[in-house]
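*Asks:* One predicted model, sequence on top.
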There are 2 protein chains.
Amino acid sequence: MVTSLVIYEDNVRLRESLELLLSVDSGFQVTGAFSNCTAVVDQMESLAPDLVILDIDMPEMTGIEGVRHIKSRFPDVKVVMYTVFDDDNRIFECICNGADGYLLKNTSPLNLIKALQELAAGGAPMSPFVAQKVFQYFRNAKKEKDAFNLTPREVEILEWLVRGNSYKMIADKSFISIDTVKKHLQNIYHKLHVNCGTEAVAKALQHKIVSLE
Amino acid sequence: MVTSLVIYEDNVRLRESLELLLSVDSGFQVTGAFSNCTAVVDQMESLAPDLVILDIDMPEMTGIEGVRHIKSRFPDVKVVMYTVFDDDNRIFECICNGADGYLLKNTSPLNLIKALQELAAGGAPMSPFVAQKVFQYFRNAKKEKDAFNLTPREVEILEWLVRGNSYKMIADKSFISIDTVKKHLQNIYHKLHVNCGTEAVAKALQHKIVSLE
DNA sequence: GCGGTTATTACCTGATTGTGTAATAGGAGC
DNA sequence: GCTCCTATTACACAATCAGGTAATAACCGC
């Protein structure tokens, strides 16, 4: 069973290298290779590939917009970004737009083949540096969390607030008077260095003091 | 240059298998192997390893707490989780607690060695399934985002609110009257199906309609 | 036992927020 | 030209929120 694949890469030499590499390897068949993704939707329609390799920096339309177009109409096509960019913004924007993998261009041919196999198998291949960034994203939150020194009770009250409860509702649900709720929230606001409920909610979610779901 | 390594794994057979595997391979030296992590801080202190392999399900103290203890006192020690658990909660909790990698126990010996090398090199090795979960986390947000149908102006107003501004402050910063702000937020609340500002902020952040930083 | 922390309630006052209704005006699309 | 959508403002009323001050009680550590 052959996995069909389309390449978007504006650098001619690199594009042809990829085609060559993948023509030798068994298991993949390049059915299309383009230098920009302005006609990406039509091309997906007619070629119906299993996988797409997508450069970010291309004329007319970037790969970031490209992946959004592909995924909005053909969510089952697996898309892996292939780029020199390793900044947080671009990485996370691509992932949010639906990219299934993110490879940096310093990836060796062998690892690239492996990544494509992982992609075809439903995985999410990414370069080590990207994996690191992704893990960092989760960690950043927890850092300050403990510094606020909220008591367990205060965290509890704050949770009710984040879930959209008014002072009165919190009072009812916590079996305390509304004045106590008020006092608790006043203390919470001081500890979080904020002046109102909305700001407290923003800070609580930002620092994962409480989390939704 | 040898990389020292400590193993926490309550299954005796598996623990010994790991030791054996890593004793054969060049590059790693197992300097400690324990069946629970109750004394993890002392052990880190005396053994000072480069890497730690950490099971989650252990008696007395789970690996989730273990990684928190390790990272809070020895942030430079690289910790990789090694577990059968593949549920979102445990994965994300470990990552938030500072884990540098997350491997499922179905990882082949060869891939485990590779993952440890990646870990030592400062990467964030994870099993394909885990990588998928992590990518999904980012995607989920964007899904509903467009369904709320907020106008650009409404998003703008909502952003000010999330950043902790009162109606009056939003009015000043947007160069409109406070009544207009009020009206906009009223419409926003309806579209988000919420009743108050705090709830709107929570929903806006949850669905990444606006994001902080 | 004493001091510190946490949790609790009360009262008062002013500011802010949330709802309803109504009206004006510009731009996009048919 | 007319309608729909967006943005704008106004007013009035009720509810809620936020600040300050003060007091009680339980619990914990030294």
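*Replies:* Happy to help now that I have it. Residues are numbered from 1 along each chain as shown, chains lettered A, B, ... in the order given.
*Asks:* Write out the residues of chain A neighbouring DNA strand C.
*Replies:* A:149, A:151-154, A:174, A:176-177, A:179-180, A:182-184, A:196 (C-beta under 7 Å from any atom of the strand). For every residue, glycine as well, the C-beta is placed using N, CA and C.
*Asks:* DNA strand C versus A:Phe74, what's the distance?
*Replies:* The spacing between A:Phe74 and DNA strand C, counted by C-beta to the nearest atom of the strand, to the nearest Å, is 26 Å.
*Asks:* Can you give me the pLDDT of that residue?
*Replies:* A:Phe74 is assigned a pLDDT of 92 by the prediction.
*Asks:* tell me the contacts of the closest residue to it other than its chain neighbours?
*Replies:* Among residues not flanking A:Phe74 along the chain, A:Met44 sits closest, at 5.2 Å (C-beta to C-beta, 6 or more residues apart in numbering or on different chains). A:Met44 makes contact with A:6, A:52, A:70, A:73-74, A:77, according to C-beta atoms under 8 Å, 6 or more residues apart in numbering or on different chains.
*Asks:* Buried among the residues you listed? Make that a PyMOL selection.
*Replies:* Applied in PyMOL, the following selects the buried portion of these according to 16 or more other C-beta atoms under 10 Å in any protein chain shown:
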select buried, chain A and resi 6+52+70+74+77
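*Asks:* Select from the contacts of A:Met44 every entry located in strands.
*Replies:* Judged by DSSP state E, the subset of the contacts of A:Met44 located in strands is A:6, A:52.
*Asks:* Between which two of the contacts of A:Met44 is the distance greatest?
*Replies:* Spatial extent of the contacts of A:Met44 (C-beta to C-beta) is set by the pair A:Val6 and A:Arg73 at 14.3 Å.
*Asks:* still on that earlier bit, now, among the residues of chain A next to DNA strand C, which is nearest to chain B?
*Replies:* A:Cys196 (6.5 Å; C-beta to the nearest C-beta).
*Asks:* Quick one: the strands in chain A, in order.
*Replies:* Going by DSSP E, chain A shows strands at A:3-8, A:28-34, A:51-54, A:78-83, A:101-104.
*Asks:* Of these, which is nearest B:Lys191?
*Replies:* strand A:78-83 (30.7 Å).
*Asks:* contacting residues around that closest one?
*Replies:* By C-beta under 8 Å, 6+ apart, the residues outside strand A:78-83 that reach it are A:9, A:50-57, A:63, A:67, A:70-71, A:90, A:94, A:98-105, A:107, A:115-116, A:119-120, A:122, A:125.
*Asks:* Stretch A:102-118 now?
*Replies:* Residues outside stretch A:102-118 that contact it (C-beta under 8 Å, 6+ apart): A:3, A:5, A:14, A:21-22, A:25, A:27-28, A:51, A:53, A:80-84, A:86, A:91, A:94-95, A:101, A:124-127, A:129-130, B:128.
*Asks:* just the buried members of the residues you listed?
*Replies:* Here, 16+ other C-beta under 10 Å leaves A:3, A:5, A:22, A:28, A:51, A:53, A:80-83, A:86, A:91, A:94-95, A:101, A:124-127, A:129-130, B:128 buried among the contacts of stretch A:102-118.
*Asks:* Which one of the contacts of A:Met44 is nearest to A:Val40?
*Replies:* Nearest to A:Val40 among the contacts of A:Met44, with distances taken as C-beta to C-beta, is A:Ile70, at 6.1 Å.
*Asks:* Local confidence estimate at the closest one?
*Replies:* Reported pLDDT for A:Ile70: 92.
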